[in-house]
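Chemist: model this:
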Amino acid sequence: MPKRTTHTYSSEDAAPDGPESDLFVYYCKHCGSHVLITDTQLQKMPKRKTDKAHVLDKKKHLARLNVKEAGKVLLKRGEGKMEKQFRMICVGCELFVCYRSEEDLELAPFVYIVDGALSSVVAETNPQ
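Modeler: Sure thing, here's the model as predicted:
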C-alpha cells in the first residue's frame, strides 16, 4: 500500500521569488479600480516641475496600465510653448489619471501619472 503524505502550505510559501515579487499595484483614488502595476514606487519616481506629475520611464521600469483613452489636449506652457497630452482615464469612474506625450502608447518613452490620482490601497466604495 502506498504511503500517504499531507502537505500544508501557508501564504508565506506562496510568495513569488525573484524580480516579480517587487511589483507595486496602484488604484484609482476615487473609485478603487485597478489602474497601474509597476516595479517601482510612485514616491521614488521623479516629478515634473510644471504639474508635479510623477514621471514613469518605460525604458527603465515595467508599466502595465488599465485605462481608457481620453483624447488629445493642447496646453499652453509659458511664452509661445505648447504641450500635447494624450490623456488616459480610469476605466471605472473616468477620472483623469495619467497622460503621455506621444500618440502611440507603445512608442511613448514616458507616462506621466497625475499627482494625487492613484493610491496604493483600494478605496472603500459606497455600498449603496
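Chemist: low-scoring pLDDT stretches of the chain, where are they?
Modeler: Counting by pLDDT under 70, the chain contains low-confidence ranges at 1, 7, 9-21, 123-128.
Chemist: Show the contacting residues for the residue nearest in space to the middle of it.
Modeler: The chain has L36 as the residue nearest its centroid, 2.5 Å off, counting by Cα atoms, centre = their mean. For L36, the contact set (Cβ atoms under 8 Å, 6 or more residues apart in numbering) comprises V25, Y26, A63, R64, L65, N66, C98, I113, L118. From N, CA and C alone the C-beta is placed, and that goes for glycine too.
Chemist: Strands along this protein, start to end?
Modeler: Under the criterion DSSP state E, the chain contains strands at 24-28, 34-38, 54-57, 63-65, 67-76, 82-90, 96-100, 110-113, 118-119.
Chemist: any chance of the ones you listed in JSON lines, with distance to R48 too?
Modeler: Formatted as JSON lines, those follow (distance: least, Cβ to Cβ, whole Å):
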{"stretch": "strand 24-28", "distance to R48": "18"}
{"stretch": "strand 34-38", "distance to R48": "17"}
{"stretch": "strand 54-57", "distance to R48": "6"}
{"stretch": "strand 63-65", "distance to R48": "16"}
{"stretch": "strand 67-76", "distance to R48": "12"}
{"stretch": "strand 82-90", "distance to R48": "10"}
{"stretch": "strand 96-100", "distance to R48": "11"}
{"stretch": "strand 110-113", "distance to R48": "6"}
{"stretch": "strand 118-119", "distance to R48": "15"}
